[in-house]
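**Q** need a structure here:
(chains A, B, C and D)
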Number of protein chains: 2
Amino acid sequence: MLDTLHIEANGIPIYIQIRDQILAAVAAGALKPGDRLPTMREVAVALKVDLNTVRHAYDSAQESGAIVLVRAQGTYVAERPPDVSEDRLEKLAQSIAVNAYSQGVNLRDLIDRLNQIAAGQRAGGGTS
Amino acid sequence: MLDTLHIEANGIPIYIQIRDQILAAVAAGALKPGDRLPTMREVAVALKVDLNTVRHAYDSAQESGAIVLVRAQGTYVAERPPDVSEDRLEKLAQSIAVNAYSQGVNLRDLIDRLNQIAAGQRAGGGTS
DNA sequence: TAACCTGTATGAGTACAGTCATACAGGTTT
DNA sequence: AAACCTGTATGACTGTACTCATACAGGTTA
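**A** Alright, predicted model coming up:
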(Lines give C-alpha, C1' and ligand atoms only; values in the text may rest on other atoms or scores of the structure.)
Protein backbone atom coordinates (compact mmCIF):
# COMPACT_ATOMS: atom_id res chain seq x y z
CA MET A 1 0.00 0.00 0.00
CA LEU A 2 2.60 2.48 1.12
CA ASP A 3 4.63 2.16 -2.03
CA THR A 4 1.64 2.71 -4.26
CA LEU A 5 0.59 5.94 -2.59
CA HIS A 6 1.38 9.11 -4.40
CA ILE A 7 0.17 12.65 -4.61
CA GLU A 8 0.11 15.04 -7.49
CA ALA A 9 0.30 18.78 -7.64
CA ASN A 10 -3.01 19.19 -9.40
CA GLY A 11 -5.59 21.28 -7.62
CA ILE A 12 -7.09 18.35 -5.76
CA PRO A 13 -6.60 18.51 -1.98
CA ILE A 14 -3.97 16.12 -0.70
CA TYR A 15 -6.28 14.46 1.76
CA ILE A 16 -8.77 13.73 -0.98
CA GLN A 17 -6.10 12.13 -3.10
CA ILE A 18 -4.95 9.92 -0.26
CA ARG A 19 -8.48 8.98 0.72
CA ASP A 20 -9.42 8.09 -2.82
CA GLN A 21 -6.40 5.86 -3.19
CA ILE A 22 -7.34 4.05 -0.02
CA LEU A 23 -10.92 3.62 -1.14
CA ALA A 24 -9.77 2.47 -4.54
CA ALA A 25 -7.49 -0.13 -2.96
CA VAL A 26 -10.33 -1.43 -0.83
CA ALA A 27 -12.72 -1.46 -3.76
CA ALA A 28 -10.20 -3.29 -5.90
CA GLY A 29 -9.53 -5.87 -3.22
CA ALA A 30 -5.88 -4.91 -2.89
CA LEU A 31 -6.73 -4.30 0.73
CA LYS A 32 -8.93 -6.96 2.30
CA PRO A 33 -11.11 -6.84 5.40
CA GLY A 34 -8.98 -6.93 8.53
CA ASP A 35 -5.86 -5.80 6.73
CA ARG A 36 -3.86 -3.22 8.56
CA LEU A 37 -3.15 0.00 6.77
CA PRO A 38 0.14 1.84 7.08
CA THR A 39 0.19 4.13 10.08
CA MET A 40 -0.64 7.74 9.56
CA ARG A 41 2.91 8.62 10.39
CA GLU A 42 4.31 6.27 7.82
CA VAL A 43 2.14 7.79 5.18
CA ALA A 44 2.98 11.28 6.33
CA VAL A 45 6.68 10.56 6.05
CA ALA A 46 6.40 8.70 2.78
CA LEU A 47 4.42 11.45 1.13
CA LYS A 48 6.18 14.26 2.96
CA VAL A 49 2.96 15.75 4.24
CA ASP A 50 1.68 16.54 7.69
CA LEU A 51 0.28 13.93 10.02
CA ASN A 52 -2.97 15.84 10.27
CA THR A 53 -3.39 15.87 6.55
CA VAL A 54 -3.15 12.11 6.52
CA ARG A 55 -5.51 12.00 9.44
CA HIS A 56 -7.97 14.04 7.48
CA ALA A 57 -7.77 11.46 4.73
CA TYR A 58 -8.19 8.52 7.08
CA ASP A 59 -11.07 10.22 8.86
CA SER A 60 -12.80 10.82 5.61
CA ALA A 61 -12.27 7.21 4.56
CA GLN A 62 -13.61 6.04 7.90
CA GLU A 63 -16.76 8.07 7.42
CA SER A 64 -17.46 6.03 4.35
CA GLY A 65 -17.18 2.91 6.46
CA ALA A 66 -14.31 1.44 4.50
CA ILE A 67 -11.76 1.52 7.30
CA VAL A 68 -11.72 1.62 11.08
CA LEU A 69 -9.39 3.74 13.17
CA VAL A 70 -8.31 2.16 16.44
CA ARG A 71 -6.65 4.40 18.89
CA ALA A 72 -3.16 3.32 19.84
CA GLN A 73 -3.35 0.33 17.56
CA GLY A 74 -3.67 1.31 14.00
CA THR A 75 -6.07 1.47 11.13
CA TYR A 76 -7.75 -1.54 9.59
CA VAL A 77 -9.95 -2.30 6.66
CA ALA A 78 -13.47 -2.78 7.96
CA GLU A 79 -14.67 -6.35 8.37
CA ARG A 80 -17.63 -5.72 6.16
CA PRO A 81 -16.69 -2.68 4.18
CA PRO A 82 -19.60 -1.23 2.26
CA ASP A 83 -19.39 -1.50 -1.46
CA VAL A 84 -17.17 1.49 -1.70
CA SER A 85 -17.77 2.36 -5.30
CA GLU A 86 -21.48 1.85 -4.71
CA ASP A 87 -21.29 4.27 -1.84
CA ARG A 88 -19.50 6.92 -3.81
CA LEU A 89 -21.93 6.37 -6.59
CA GLU A 90 -24.80 7.05 -4.25
CA LYS A 91 -23.31 10.22 -2.84
CA LEU A 92 -22.41 11.49 -6.26
CA ALA A 93 -25.88 10.76 -7.56
CA GLN A 94 -27.54 12.49 -4.64
CA SER A 95 -25.43 15.61 -4.92
CA ILE A 96 -26.04 15.72 -8.64
CA ALA A 97 -29.78 15.48 -8.17
CA VAL A 98 -29.79 18.26 -5.62
CA ASN A 99 -27.50 20.39 -7.71
CA ALA A 100 -29.57 19.95 -10.84
CA TYR A 101 -32.72 20.79 -8.97
CA SER A 102 -31.32 23.97 -7.47
CA GLN A 103 -30.20 25.06 -10.91
CA GLY A 104 -33.53 24.34 -12.43
CA VAL A 105 -32.04 21.69 -14.67
CA ASN A 106 -34.34 18.86 -15.54
CA LEU A 107 -32.86 15.63 -14.29
CA ARG A 108 -34.02 13.53 -17.21
CA ASP A 109 -32.54 15.99 -19.68
CA LEU A 110 -29.32 15.78 -17.74
CA ILE A 111 -29.41 12.02 -17.86
CA ASP A 112 -29.90 12.16 -21.60
CA ARG A 113 -26.81 14.29 -21.93
CA LEU A 114 -24.81 11.98 -19.76
CA ASN A 115 -25.91 9.07 -21.87
CA GLN A 116 -24.58 10.81 -24.92
CA ILE A 117 -21.29 11.45 -23.22
CA ALA A 118 -21.10 7.86 -22.06
CA ALA A 119 -21.67 6.79 -25.61
CA GLY A 120 -18.83 9.00 -26.72
CA GLN A 121 -21.18 10.99 -28.86
CA ARG A 122 -22.12 14.56 -29.04
CA ALA A 123 -25.65 15.37 -30.04
CA GLY A 124 -26.25 18.18 -32.43
CA GLY A 125 -29.26 19.96 -31.46
CA GLY A 126 -31.15 22.21 -29.18
CA THR A 127 -34.74 21.19 -28.85
CA SER A 128 -35.98 24.64 -27.92
CA MET B 1 -37.92 41.56 -13.37
CA LEU B 2 -36.95 43.69 -10.42
CA ASP B 3 -39.97 42.72 -8.42
CA THR B 4 -39.42 39.03 -8.95
CA LEU B 5 -35.83 39.09 -7.75
CA HIS B 6 -35.20 37.75 -4.31
CA ILE B 7 -32.40 36.25 -2.31
CA GLU B 8 -32.46 33.68 0.43
CA ALA B 9 -30.19 33.08 3.35
CA ASN B 10 -29.27 29.57 2.34
CA GLY B 11 -25.61 28.91 1.79
CA ILE B 12 -25.73 29.77 -1.89
CA PRO B 13 -23.70 32.86 -2.82
CA ILE B 14 -25.83 35.90 -3.50
CA TYR B 15 -24.36 36.51 -6.93
CA ILE B 16 -25.17 32.95 -7.92
CA GLN B 17 -28.77 33.37 -6.84
CA ILE B 18 -29.15 36.59 -8.80
CA ARG B 19 -27.45 35.17 -11.86
CA ASP B 20 -29.59 32.07 -11.82
CA GLN B 21 -32.77 34.12 -11.63
CA ILE B 22 -31.67 36.15 -14.60
CA LEU B 23 -30.83 33.05 -16.60
CA ALA B 24 -34.09 31.46 -15.61
CA ALA B 25 -36.01 34.53 -16.76
CA VAL B 26 -34.23 34.46 -20.09
CA ALA B 27 -34.75 30.75 -20.48
CA ALA B 28 -38.43 31.10 -19.65
CA GLY B 29 -38.92 33.94 -22.09
CA ALA B 30 -39.89 36.40 -19.39
CA LEU B 31 -36.98 38.41 -20.69
CA LYS B 32 -36.74 38.59 -24.46
CA PRO B 33 -33.80 39.45 -26.70
CA GLY B 34 -33.14 43.17 -26.62
CA ASP B 35 -34.97 43.68 -23.36
CA ARG B 36 -33.23 45.94 -20.94
CA LEU B 37 -32.50 44.57 -17.52
CA PRO B 38 -32.75 46.66 -14.39
CA THR B 39 -29.56 48.55 -13.71
CA MET B 40 -27.09 47.03 -11.33
CA ARG B 41 -27.81 49.82 -8.91
CA GLU B 42 -31.51 49.19 -8.97
CA VAL B 43 -30.94 45.57 -8.17
CA ALA B 44 -28.42 46.42 -5.49
CA VAL B 45 -30.88 48.74 -3.80
CA ALA B 46 -33.83 46.41 -4.21
CA LEU B 47 -32.00 43.45 -2.73
CA LYS B 48 -29.97 45.53 -0.29
CA VAL B 49 -26.68 44.13 -1.48
CA ASP B 50 -23.56 45.74 -2.81
CA LEU B 51 -23.24 46.99 -6.36
CA ASN B 52 -20.24 44.75 -6.92
CA THR B 53 -22.14 41.71 -5.87
CA VAL B 54 -24.73 42.46 -8.52
CA ARG B 55 -21.96 43.13 -10.97
CA HIS B 56 -20.53 39.73 -10.20
CA ALA B 57 -23.90 38.21 -11.03
CA TYR B 58 -24.27 40.17 -14.26
CA ASP B 59 -20.70 39.36 -15.26
CA SER B 60 -21.34 35.71 -14.70
CA ALA B 61 -24.55 35.84 -16.69
CA GLN B 62 -22.75 37.62 -19.49
CA GLU B 63 -20.13 34.91 -19.64
CA SER B 64 -22.86 32.46 -20.49
CA GLY B 65 -23.84 34.72 -23.35
CA ALA B 66 -27.34 35.39 -22.10
CA ILE B 67 -26.94 39.11 -21.57
CA VAL B 68 -24.74 41.93 -22.76
CA LEU B 69 -23.32 44.69 -20.59
CA VAL B 70 -23.00 48.06 -22.26
CA ARG B 71 -20.97 50.63 -20.47
CA ALA B 72 -22.85 53.75 -19.61
CA GLN B 73 -26.02 52.42 -21.16
CA GLY B 74 -27.25 49.40 -19.37
CA THR B 75 -27.62 45.68 -19.65
CA TYR B 76 -29.62 43.89 -22.30
CA VAL B 77 -30.70 40.41 -23.12
CA ALA B 78 -28.52 39.16 -25.95
CA GLU B 79 -30.05 39.22 -29.41
CA ARG B 80 -29.42 35.56 -29.88
CA PRO B 81 -29.07 34.22 -26.39
CA PRO B 82 -27.82 30.66 -26.28
CA ASP B 83 -30.27 28.10 -25.07
CA VAL B 84 -29.55 28.88 -21.48
CA SER B 85 -30.88 25.76 -19.90
CA GLU B 86 -29.21 23.72 -22.60
CA ASP B 87 -25.99 25.48 -21.81
CA ARG B 88 -26.18 24.82 -18.11
CA LEU B 89 -27.13 21.28 -18.84
CA GLU B 90 -24.02 20.86 -20.92
CA LYS B 91 -21.72 22.33 -18.31
CA LEU B 92 -23.28 20.28 -15.56
CA ALA B 93 -23.01 17.13 -17.59
CA GLN B 94 -19.38 17.78 -18.43
CA SER B 95 -18.40 18.47 -14.86
CA ILE B 96 -20.23 15.38 -13.72
CA ALA B 97 -18.45 13.23 -16.25
CA VAL B 98 -15.08 14.57 -15.22
CA ASN B 99 -15.90 14.25 -11.57
CA ALA B 100 -17.09 10.70 -11.91
CA TYR B 101 -14.02 9.77 -13.86
CA SER B 102 -11.64 11.23 -11.32
CA GLN B 103 -13.43 9.32 -8.59
CA GLY B 104 -13.30 6.11 -10.50
CA VAL B 105 -17.05 5.97 -10.70
CA ASN B 106 -18.45 4.27 -13.75
CA LEU B 107 -20.54 6.73 -15.67
CA ARG B 108 -23.14 4.22 -16.75
CA ASP B 109 -23.61 3.04 -13.20
CA LEU B 110 -24.06 6.64 -12.19
CA ILE B 111 -26.62 7.15 -14.90
CA ASP B 112 -28.51 4.11 -13.66
CA ARG B 113 -28.64 5.56 -10.19
CA LEU B 114 -29.82 8.89 -11.49
CA ASN B 115 -32.53 7.15 -13.41
CA GLN B 116 -33.72 5.54 -10.22
CA ILE B 117 -33.74 8.87 -8.47
CA ALA B 118 -35.59 10.46 -11.34
CA ALA B 119 -38.15 7.71 -11.07
CA GLY B 120 -38.51 8.45 -7.41
CA GLN B 121 -37.33 4.99 -6.52
CA ARG B 122 -34.61 3.64 -4.38
CA ALA B 123 -33.02 0.39 -5.30
CA GLY B 124 -32.65 -2.18 -2.61
CA GLY B 125 -29.50 -3.85 -2.82
CA GLY B 126 -25.98 -4.04 -1.77
CA THR B 127 -24.41 -6.71 -3.85
CA SER B 128 -21.55 -7.04 -1.39
C1' DT C 1 -20.43 71.70 -21.38
C1' DA C 2 -22.46 70.27 -17.16
C1' DA C 3 -25.26 67.18 -14.77
C1' DC C 4 -26.64 62.70 -14.61
C1' DC C 5 -27.13 58.29 -15.82
C1' DT C 6 -24.73 53.87 -16.85
C1' DG C 7 -21.05 50.08 -16.10
C1' DT C 8 -15.92 49.52 -14.30
C1' DA C 9 -12.18 49.24 -11.09
C1' DT C 10 -9.52 49.04 -6.60
C1' DG C 11 -8.83 47.84 -2.05
C1' DA C 12 -10.38 46.07 2.39
C1' DG C 13 -12.86 42.94 5.46
C1' DT C 14 -14.71 38.36 6.64
C1' DA C 15 -15.31 33.43 6.42
C1' DC C 16 -13.76 29.03 5.37
C1' DA C 17 -10.93 25.08 3.53
C1' DG C 18 -6.53 23.04 3.52
C1' DT C 19 -2.14 22.32 5.52
C1' DC C 20 1.08 22.38 9.04
C1' DA C 21 3.87 22.19 13.85
C1' DT C 22 3.39 20.74 18.13
C1' DA C 23 1.48 18.67 22.13
C1' DC C 24 -1.85 15.19 24.24
C1' DA C 25 -3.75 10.48 25.36
C1' DG C 26 -4.59 5.58 25.09
C1' DG C 27 -2.96 0.75 24.28
C1' DT C 28 1.43 -2.70 23.80
C1' DT C 29 5.53 -4.45 24.88
C1' DT C 30 9.54 -4.85 27.65
C1' DA D 1 6.10 1.06 35.48
C1' DA D 2 8.70 2.82 31.56
C1' DA D 3 9.42 3.16 26.81
C1' DC D 4 7.34 3.07 22.62
C1' DC D 5 4.04 2.58 19.46
C1' DT D 6 -0.60 4.11 17.88
C1' DG D 7 -4.45 7.67 16.92
C1' DT D 8 -6.28 12.45 18.85
C1' DA D 9 -6.47 17.32 19.69
C1' DT D 10 -5.24 22.41 19.54
C1' DG D 11 -3.78 26.44 17.49
C1' DA D 12 -1.67 29.01 13.69
C1' DC D 13 -0.76 30.08 8.89
C1' DT D 14 -2.02 30.59 3.96
C1' DG D 15 -4.82 30.98 0.00
C1' DT D 16 -9.20 31.82 -1.92
C1' DA D 17 -14.20 32.96 -2.42
C1' DC D 18 -17.56 36.27 -1.27
C1' DT D 19 -19.12 40.70 -0.02
C1' DC D 20 -18.67 45.38 0.66
C1' DA D 21 -17.39 50.80 0.53
C1' DT D 22 -15.66 53.92 -2.30
C1' DA D 23 -13.81 56.00 -6.32
C1' DC D 24 -13.25 56.01 -11.55
C1' DA D 25 -14.75 56.36 -16.51
C1' DG D 26 -17.67 56.44 -20.52
C1' DG D 27 -22.18 57.66 -22.89
C1' DT D 28 -26.74 60.56 -22.82
C1' DT D 29 -29.40 64.45 -22.16
C1' DA D 30 -30.56 69.15 -20.75
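**Q** ok, the closest residue in space to A:S64 that isn't next to it in sequence - how many residues close by?
**A** Once flanking residues are discounted, A:S64 sits nearest to A:D87: 5.6 Å by CB to CB, 6 or more residues apart in numbering or on different chains. (C-beta placed from N, C-alpha, C; glycine too.) The burial count assigned to A:D87 is 18, neighbours taken as other CB atoms under 10 Å in any protein chain shown.
**Q** same question for the one 4 residues further on.
**A** Here the count is done by other CB under 10 Å, and A:K91 has 13 residues near it.
**Q** part of a helix, is it?
**A** Yes: applying DSSP: H, G, I helix; E, B strand; the rest coil, one finds A:K91 inside a helix.
**Q** so A:L110 sits against B:L92, correct?
**A** Yes: shown here, A:L110 and B:L92 form a contact pair, counting by CB atoms under 8 Å, at 6.1 Å.
**Q** let me know whether the worst-scoring helix or strand of chain A on mean pLDDT sits next to DNA strand D.
**A** Lowest by mean pLDDT, DSSP states H and E among the helices and strands of chain A is helix A:84-102, with a mean of 80. No: using CB under 7 Å from any atom of the strand, helix A:84-102 stays clear of DNA strand D, coming no nearer than 13.6 Å.
**Q** show me what the very next helix or strand once past that helix is packed against.
**A** Where DSSP states H and E defines the elements, the next helix or strand beyond helix A:84-102 is helix A:107-118. Counting contacts by 3 or more CB pairs under 8 Å, 6 or more residues apart in numbering or on different chains; DSSP states H and E, helix A:107-118 is packed against helix A:84-102, helix B:84-102, helix B:107-118.
**Q** got these as JSON lines, with distance to B:H56 columns?
**A** Listed next are the helices and strands packed on helix A:107-118 as JSON lines, based on distance: least, CB to CB, whole Å:
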{"stretch": "helix A:84-102", "distance to B:H56": "18"}
{"stretch": "helix B:84-102", "distance to B:H56": "18"}
{"stretch": "helix B:107-118", "distance to B:H56": "31"}
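**Q** tabulate the ones you listed (TSV), appending distance to DNA strand C.
**A** Formatted as TSV, the helices and strands packed on helix A:107-118 follow (distance: least, CB to the nearest atom of the strand, whole Å):
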stretch	distance to DNA strand C
helix A:84-102	14
helix B:84-102	14
helix B:107-118	22
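**Q** B:L23: which of those is closest?
**A** helix B:84-102 (4.9 Å; CB to CB).
**Q** surely the residue nearest to A:S64 touches A:E63?
**A** No: assessed by CB under 8 Å, A:D87 is found out of contact with A:E63, at 10.1 Å.
**Q** distance of the most centrally placed residue in chain A from chain B?
**A** In chain A, the centroid-proximal residue (CA atoms, centre = their mean) is A:D20; its distance is 3.9 Å. Taking CB to the nearest CB, to the nearest Å as the measure, A:D20 and chain B are separated by 7 Å.
**Q** so who does that residue touch?
**A** Residues in contact with A:D20, defined by CB atoms under 8 Å, 6 or more residues apart in numbering or on different chains, are B:103-104.
**Q** can you give me the strands in chain A?
**A** In chain A, the strands defined using DSSP state E lie at A:67-70, A:74-77.
**Q** which one of these lies closest to A:A28?
**A** Nearest to A:A28 among the strands of chain A is strand A:74-77 (11.9 Å), distances taken as CB to CB.
**Q** hmm, who's touching that closest one?
**A** By CB under 8 Å, 6+ apart, strand A:74-77 touches A:26, A:31-37, A:39-40, A:58, A:66-70.
**Q** also stretch A:111-121?
**A** Contact partners of stretch A:111-121, identified using CB under 8 Å, 6+ apart, comprise A:122-123, B:89-90, B:92-94, B:96-97, B:107-108, B:110-111, B:114-115, B:118.
**Q** return the residues of chain A in contact with DNA strand D.
**A** A:37, A:39-42, A:51-52, A:55, A:58-59, A:69-75.
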